[in-house]
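A.B. asks: everything below, folded, please.
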Amino acid sequence: MKRRDEQGQMTVLIIGFMAIIVLMVVVVTDISKVFLVRRDLDATADGAVLAAANGLRAIYAQPAADGNAELDPDEARRLTAEYLDQVAASNRFDGLDWSADVSGTTVTVRLTSSVDLPFEPPGWQGSADIAAEAAAIVPIR
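C.D. replies: The predicted model follows:
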């Protein structure tokens, strides 16, 4: 019985494992970047909605049935824009878009941005779109 020459099979196995490890590093790095930027976007949305809610001038002459004030949507947008300028959000996030809406006594701020991924394997998208939303209720004090 003759033995086949098995030389070189270990090289193929090592190359295969290295390709899998490199792919895992790429995926973990890209996901980590998106996670960190999303966390920062969430914190910025929280800060913006708190700035808008704390700075709003409630109209006490027309309180809502639940004891909360009716909010001024234009003032909410102005305060949100002021906060985002103050923290230089447009410099920290690529393609930052935002909206501030008022519904009754609730202020809602929504931020959207895109993240350029560190690695772009062939066939993969080079960026990811992320969004964060925060809401606050302004009670009468």
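
A.B. asks: distance from the chain centre to the helix or strand containing D40, please.
C.D. replies: Take DSSP states H and E as the rule and D40 turns out to sit in helix 9-55. Distance of helix 9-55 from the chain centroid (C-alpha atoms, centre = their mean, to the nearest Å) equals 12 Å.

A.B. asks: and that helix, what does it pack onto?
C.D. replies: Helices and strands touching helix 9-55, as assessed by 3 or more C-beta pairs under 8 Å, 6 or more residues apart in numbering; DSSP states H and E, comprise helix 73-86, helix 89-92, strand 94-103, strand 106-116, strand 127-137. (Glycine included, C-beta is placed from N, CA and C.)

A.B. asks: any idea which of these is most buried?
C.D. replies: The highest mean neighbour count among these belongs to strand 106-116 (a mean of 20), with neighbours defined as mean count of other C-beta atoms under 10 Å.

A.B. asks: what lines up beside that strand in the sheet?
C.D. replies: Strands that pair with strand 106-116, judged by DSSP bridges, come out as strand 94-103 (antiparallel), strand 127-137 (antiparallel).
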